[in-house]
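A.B. asks: sharing a sequence plus its predicted fold:
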Amino acid sequence: MPIEKCVGQIVEIIYQDSKGNITKRQISVHKVRDGKVRGFDTVKQAFRSFEVGRILAAQPVSRKQA
């Protein structure tokens, strides 16, 4: 699912950072603009920015998993 369609949802993403590290994150997507996603990381309890091109996979999280 394109991340642009996930604004307002909680999404699990697989993300590769600039050093090549791959992590799984659960974020509440607030906005997507200029190739960046701004979201609230539900585990770290903090806002984070992610480059769209580094998101390897994205899947909405059901309310039971959130």
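C.D. replies: Great, that's in hand. Quick caveat, the model's predicted, so the values are computed rather than measured.
A.B. asks: what about the chain, any weak spots by pLDDT?
C.D. replies: 63-66 (pLDDT under 70).
A.B. asks: now do the strands in it.
C.D. replies: 10-16, 22-33, 36-41, 46-51, 55-60 (DSSP state E).
A.B. asks: go through those strands and name the closest to residue 4.
C.D. replies: Residue 4 lies closest to strand 22-33 among the strands of the chain, at 4.9 Å (CB to CB). Every residue, glycine included, has its C-beta placed from N, CA and C.
A.B. asks: and the strands of the chain as TSV, adding mean neighbour count?
C.D. replies: Converted to TSV, the strands of the chain look like this (neighbours: other CB atoms under 10 Å):
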stretch	mean neighbour count
strand 10-16	18
strand 22-33	15
strand 36-41	18
strand 46-51	13
strand 55-60	15
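A.B. asks: quick one: end-to-end length of stretch 32-45, please.
C.D. replies: Stretch 32-45 has an end-to-end distance of 19 Å (CA to CA, to the nearest Å).
A.B. asks: any idea how many residues pack against residue 52?
C.D. replies: 15 (other CB atoms under 10 Å).
A.B. asks: in contact with the residue nearest to residue 50 when sequence neighbours are not counted: list those residues for me.
C.D. replies: Distances taken as CB to CB, 6 or more residues apart in numbering place residue 37 nearest to residue 50, at 4.5 Å, with adjacent residues excluded. Residues in contact with residue 37, defined by CB atoms under 8 Å, 6 or more residues apart in numbering, are 3, 27, 29, 31, 49-52, 55.
A.B. asks: was I right about residue 58 contacting residue 1?
C.D. replies: Yes. Contact criterion CB atoms under 8 Å: residue 58 and residue 1 qualify, at 5.9 Å.
A.B. asks: what's the distance between the closest residue to residue 18 other than its chain neighbours and residue 61?
C.D. replies: Excluding the flanking residues, the one nearest residue 18 by CB to CB, 6+ apart is residue 54, at 7.7 Å. Noted for residue 54: a distance of 20 Å to residue 61, by CB to CB, to the nearest Å.
A.B. asks: since that was my last question, I'll sign off now.
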